[in-house]
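[1] Below is the sequence, then the predicted model.
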Amino acid sequence: MSEKDNIFAKPLGEVAGFSFDQKVVEVFPDMIQRSVPGYTTIVAMIGTLAERFAQSGSRCYDLGCSLGAATLAMRHRIPAAECEIFAVDNSEAMIQQARTILAADSGQVPVQLICDDLQNVPITNASVAVLNFTLQFIPTSERREILQKIYDGLRPGGVLILSEKVAFSDGDHQELMIDLHHAFKAANGYSALEIAQKRSALENVLIPETLHDHRERLKSVGFNSVDVWFQCFNFASLIAIK
Ligand SMILES: Nc1ncnc2c1ncn2[C@@H]1O[C@H](C[S@+](CC[C@H]([NH3+])C(=O)[O-])CC(=O)[O-])[C@@H](O)[C@H]1O
Ligand SMILES: O=C(O)C(=O)Cc1ccccc1
């Protein structure tokens with residue numbers, strides 16, 4: 001499997017902004033598993049949701065697919081005929097490694113891996129769209145346009161699964177959730193230095209918004225039904241149905 005994440009283990013002096021480069025790719029499954037509470041459950045449930053929502057002859061999109069975890073979960077659970085998965089990521093290093101992982105997988109649903117900014121990828125004839133911890137890395141001013149494009153590309157009854165690190169408007173609650181997230185990381189073996197250096201690397205790179213803002217924007221682009229289906233501390237996943 002992947003190597004252990006020790007990217008932020010040594011004092012770095014100046015901490016550069018976080019990027020999905022080759023070093024991160026090599027440790028990514030370990031990093032995300034030890035950093036995102038509920039990640040394994042969320043990925044498995046994306047499979048269950050795809051099983052329910054994938055429509056025959058439609059497309060499923062995994063936007064910001066990294067190594068293709070959600071793609072694989074969907075691929076192994078979609079019963080609908082003639083579906084195709086489009087997995088998109090703008091990190092060349094991620095897509096290269098995803099290609100190797102997919103080549104070793106025996107799932108039957110065809111997968112197209114695309115190395116591009118998800119903003120350049122047309123979305124059409126979709127029944128499932130996944131943004132599993134991806135929108136948080138895109139400037140807030142560009143998020144509405146992406147969600148509108150997804151809404152417009154979905155068939156009626158189609159679903160968007162949106163997982164994000166979230167913020168809270170109440171300062172005390174915000175502080176508590178961040179503290180509990182750091183305790184989760186510490187329990188998974190990250191040192192105080194690793195937690196602090198990763199936190200500065202993510203500053204201005206990963207921008208969380210409140211669940212209220214996510215819900216309102218999803219409704220305002222047209223989604224009928226919007227609600228949280230998973231939350232642990234400051235990590236949440238929403239389902240939005242067209
Ligand atoms: N504009 C963009 N266009 C395409 N990809 C992008 C863009 N911006 C960021 N990315 C990509 O979004 C991914 C975010 S990781 C997703 C985990 C995955 N979904 C998983 O289910 O394992 C989440 C995390 O690391 O917290 C990275 O691979 C980026 O290259
Ligand atoms: O580690 C964190 O603090 C996170 O918010 C999650 C994460 C996981 C993997 C890459 C970037 C951020």
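    That came through, no problem. Numbering: from 1, shown residues only. Ligands and ions are numbered 1, 2, ... in the order given.
[2] Please export the alpha-carbon coordinates of stretch 92-107; CSV is fine.
    Taking Å, rounded to 0.1, in the frame of the first residue of the first chain, the C-alpha atoms of stretch 92-107 are listed here in CSV:
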residue,chain,number,x,y,z
GLU,A,92,-0.4,15.0,-13.0
ALA,A,93,1.3,13.0,-10.2
MET,A,94,-2.1,11.9,-8.7
ILE,A,95,-3.5,10.9,-12.1
GLN,A,96,-0.4,8.8,-13.0
GLN,A,97,-0.7,6.8,-9.8
ALA,A,98,-4.5,6.5,-10.2
ARG,A,99,-3.9,5.0,-13.6
THR,A,100,-1.7,2.3,-12.1
ILE,A,101,-4.2,1.5,-9.4
LEU,A,102,-7.1,1.4,-11.8
ALA,A,103,-5.2,-0.9,-14.2
ALA,A,104,-4.9,-3.5,-11.4
ASP,A,105,-8.7,-3.3,-10.6
SER,A,106,-11.0,-5.7,-12.3
GLY,A,107,-14.2,-3.7,-12.0
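[3] what's the longest helix in the chain?
    Ranked by number of residues, the top helix in the chain under DSSP state H is helix 171-187.
[4] How far away from the center of its chain is that helix?
    Relative to the chain's own centre, helix 171-187 is displaced by 20 Å; criterion: C-alpha atoms, centre = their mean, to the nearest Å.
[5] And the contacts of that helix?
    Residues from elsewhere that reach helix 171-187 (C-beta atoms under 8 Å, 6 or more residues apart in numbering): R34, S35, P37, A167, F168, A192, E194, I195, F233, N234, F235. C-beta: built from backbone N, CA, C; applies to glycine.
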